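Novice: Pasted the sequence and its predicted model underneath.
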Amino acid sequence: MYILVSASAHGTAEPQGVHLQALDDVGHPTADAVVVPLADLPRKIAKLETKRPRWVFENVRDWYPQLLADATDIDIERCHDVTLIRGILRFATSAAPSPYIEVLHSAPLDDTEDALPRQLQPPPPAPDQGTLFESGPTTSGMPLEDLRDELQAQLAAIAQSPQAHRLTLLTAAESAGALVAAEMEHFGMPWREDVHNDILTTALGPRPREGHRPPELERLAGELRTTLKNPTLNPDSPQELLRALHRAGLEVKTTRQWELEQHNHPVIAPLLQYKKLSRLVTANGWTWLDAWVHDGRFHPEYVVGGVVTGRWASRGGGAMQIPRVIRDASRPDPGHRFIVADAAQLEPRVLAALAKDSALAAAARGRDLYQGIADQGFGGDRSTAKIAMLGAMYGATSGEAGRLMPQLTRTYPQAIAVVEHAAREGEAGGVVSSHLGRSCPPPSPRWLQAQQSTTADEQRRAEGVARARGRFTRNFVVQGTAAEWALCWLAELRRRLRTAAGPGPALGKLVFFLHDEVVLHVRDECVEEVEAIVQASAAAATHLLFGNIPIDFPVNAVVVDSYADAK
DNA sequence: ACGCGTAGCGCG
DNA sequence: AAAGCGCGCTACGCGT
């Protein structure tokens, strides 16, 4: 059963409050809607949760964070996030056609803000609304009736799809992800401000006044000015820096790290050090600490499905780009440990599963897939095998990876055929899909227009653009399916942690997620049990996605007292 | 003063 | 050895 949750009812004179309505499995009402005051919502949810419904929100983001903040014991097993599923169905080629899907298709392509076309957009809030729920969920959400209609349309598009089973799983996993994201945001990642400050001070000297460089950066800047004989040089300006380097006789095209490393000149070492420290202080320095860490927790904001491939993105705090040097500041609370787990070589394993490539599956049999590939076709050289495999999934054409492609194609014809087919499809303006049915966006009108070019010059450019799309679709099938595996893993982890705890205290909390890696904050005495759950969840994710296949998706899990000690 | 594109670098 | 996928963030530097 489903239970709709909406802050507003359209066209009724009912008192304001939260409207709840129970629906059957295809979205038809089984009882009249009820209205409960917002303050009673947690209690009402607890009562109805015993029926194990799927809670339907227009947006989990608009409801769940506040519920977590208000009621410590809030307990939701599963949900359906109408906005996230709308985003999937908008492009999913396996969705059953319907007027609803037509409307989704009619949304302009470049609107990144939301995928909701104007016809379906909620009416602007009436001026007299918005006073009752000042700290609560939005009042400008969809009316109950519209939410119900859209849920029905979504369920029909999924159920009548030839891939109903896969789309159903994707819908559940994506929605579970929304719950996990809100819970991780709420709990936060344990973060020791004092340790972080020590790291910064050791590298940079004491915290400078606002708008000034830390002592060590100032010293290095002085050294650069002296060496380059330019007393006013601002090393933060690539243009200035490039000119100064040219005057010093260094023929570099850019000021990128890897290019600078090729040269031998007294300015290179201090310059690379300057860049490294400058990066540290601007991206993850004291300002970052002030903005994102409170009461011993780093609170990032996750954007579920924020990446076209279905990966999560983050907003603020750069949660997906925490540099290794700063990870030592993340320490478990007393009486707790971190379990840091990551899926080993997830993407090539996903490719082996997608392609049912038994040779690649054989290489994946051991724990180290790249070593397996190396032993089968690259003379045992692991790093060469890795470059070749990554090149195949990214569409490398030149360099070492490009040269290795023929050998890889000979060894794994089926796997390579899958990514090559995806690339050809994309180059031709087509659309590709992940295993569970997340499809990539179609090419923009501008892209299609460019393909009609007439002059030789324009044609060459258009071919380049077409190949770029081919590399995107080539990678999409692999990255998108890997994201689905990770989402299922996450959902299974959440489910099993809840079941294992029962009504008692949590064994541990998910506190961080990074594409193919999770961090769990676990009570000392529960470490072994949670380790087993991590492994069982991975096996369950593999089975959910691919059924019984002879391909392992091993997970490396380590128990540590600092995030930096993982890997 | 603000918006926006670019360079550069962090992560997977 | 330095291309080939997906992101976010900061500072610069140009445009308005």
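Specialist: Thanks, I have the structure now.
Novice: Show me chain A divided up by domain.
Specialist: Domain assignment for chain A by automatic domain parsing gives A:2-188, A:193-289, A:309-346+A:484-565, A:354-477.
Novice: Who does the closest residue to A:Gly17 other than its chain neighbours form a beta bridge with?
Specialist: Of all residues not flanking A:Gly17 in the chain, A:Val35 sits nearest, at 4.3 Å (CB to CB, 6 or more residues apart in numbering). C-beta here means a position set from N, CA and C on the backbone, and glycine is covered the same way. Beta bridges link A:Val35 to A:His19, judged by DSSP bridges.
Novice: A:Gln21 is in contact with A:Val35, correct?
Specialist: No: counting by CB atoms under 8 Å, A:Val35 sits too far from A:Gln21 to count as a contact (10.0 Å).
Novice: Those two: who's more crowded?
Specialist: Between A:Val35 and A:Gln21, counting by other CB atoms under 10 Å, A:Gln21 is the more crowded of the two (21 against 14).
Novice: Which strands or helices does the helix or strand where that one lies pack on?
Specialist: Assigning secondary structure by DSSP states H and E places A:Gln21 in strand A:18-23. Other elements packing on strand A:18-23 under the criterion 3 or more CB pairs under 8 Å, 6 or more residues apart in numbering; DSSP states H and E are strand A:2-6, strand A:34-36, helix A:41-49, helix A:144-159.
Novice: Which helix or strand contains A:Ile74?
Specialist: Using DSSP H and E, no helix or strand contains A:Ile74.
Novice: ok, the nearest residue to it once chain neighbours are set aside - contacts?
Specialist: Distances taken as CB to CB, 6+ apart put A:Leu67 closest to A:Ile74, at 4.8 Å, once the chain neighbours are dropped. Contacts for A:Leu67 (CB atoms under 8 Å, 6 or more residues apart in numbering) come out as A:41-42, A:45, A:74, A:76.
Novice: what's the closest of those to A:Asp524?
Specialist: A:Ile74 (25.9 Å; CB to CB).
Novice: can you count the residues close to that closest one?
Specialist: 18.
Novice: Pretty sure it sits against A:Trp63.
Specialist: No: the criterion here is CB under 8 Å, and A:Ile74 misses it with A:Trp63 at 10.2 Å.
Novice: Return the residues of the stretch 251-400 of chain A in contact with DNA strand B.
Specialist: With CB under 7 Å from any atom of the strand as the criterion, the stretch 251-400 of chain A meets DNA strand B at residues A:254-258, A:275-276, A:279, A:283, A:318, A:320-324, A:342.
Novice: Can you give me the separation between A:Asn264 and A:Gly249?
Specialist: 12 Å (CB to CB, to the nearest Å).
Novice: Name the residues of the helix or strand containing the residue nearest to A:Ile74 that are buried.
Specialist: Taking DSSP H and E as the definition, A:Leu67 sits inside helix A:60-70. Using 16 or more other CB atoms under 10 Å as the test for burial, helix A:60-70 gives A:60-68.
Novice: from these, which two are the most distant?
Specialist: The widest separation within these (CB to CB) is 12.7 Å, between A:Asp62 and A:Leu68.
Novice: Give the burial count for A:Ala173, as a bare number.
Specialist: 24.
Novice: Surely it and A:Glu484 touch.
Specialist: Yes: A:Ala173 is within contact range of A:Glu484, at 6.7 Å (criterion: CB under 8 Å).
Novice: Please enumerate the shared neighbours of those two.
Specialist: Taking CB under 8 Å, 6+ apart as the contact rule, A:Ala173 and A:Glu484 both touch A:Leu436.
Novice: one step back: adding mean pLDDT, write the domains of chain A out as CSV.
Specialist: Shown next, in CSV, are the domains of chain A (pLDDT from 0 to 100):
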stretch, mean pLDDT
domain A:2-188, 83
domain A:193-289, 90
domain A:309-346+A:484-565, 95
domain A:354-477, 91
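Novice: Which one of those domains lies nearest to A:Phe298?
Specialist: Closest of these to A:Phe298 is domain A:2-188, at 5.9 Å (criterion: CB to CB).
Novice: from the buried residues of helix A:60-70, which is closest to A:Ser434?
Specialist: Minimum distance to A:Ser434 across these is 21.5 Å, recorded for A:Val60 (CB to CB).
Novice: separation between the closest one and A:Ala532?
Specialist: Distance, A:Val60 to A:Ala532, by CB to CB: 29 Å.
Novice: Ok, A:His294 next?
Specialist: The spacing between A:His294 and A:Ala532, counted by CB to CB, is 33 Å.
Novice: What of A:Glu251?
Specialist: Applying CB to CB, the value for A:Glu251 to A:Ala532 is 58 Å.
Novice: Check A:Gln452 too.
Specialist: For A:Gln452, the distance to A:Ala532 equals 58 Å [CB to CB].
Novice: Could you count how many residues lie near A:Asp40?
Specialist: 12.
Novice: TSV for the domains of chain A, including distance to DNA strand C?
Specialist: TSV is the format used below for the domains of chain A (distance: least, CB to the nearest atom of the strand, whole Å):
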stretch	distance to DNA strand C
domain A:2-188	10
domain A:193-289	3
domain A:309-346+A:484-565	4
domain A:354-477	3
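Novice: what's the closest of those to A:His299?
Specialist: When those are compared by CB to CB, domain A:2-188 sits nearest A:His299, at 4.5 Å.
Novice: how long is the closest one end to end?
Specialist: Using CA to CA, to the nearest Å, the end-to-end distance of domain A:2-188 comes to 30 Å.
Novice: quick one: is that domain near DNA strand B?
Specialist: No: contact of domain A:2-188 with DNA strand B (CB under 7 Å from any atom of the strand) is absent, the minimum separation being 11.3 Å.
Novice: Count the residues that sit near the spatially closest residue to A:Glu193 that is not a sequence neighbour.
Specialist: Leaving out its chain neighbours, the residue that sits closest to A:Glu193 by CB to CB, 6+ apart is A:Val293, at 5.7 Å. Using other CB under 10 Å, A:Val293 has 19 neighbouring residues.
Novice: just A:Ala172 next, same as before
Specialist: Number of residues near A:Ala172 (other CB under 10 Å) recorded here: 19.
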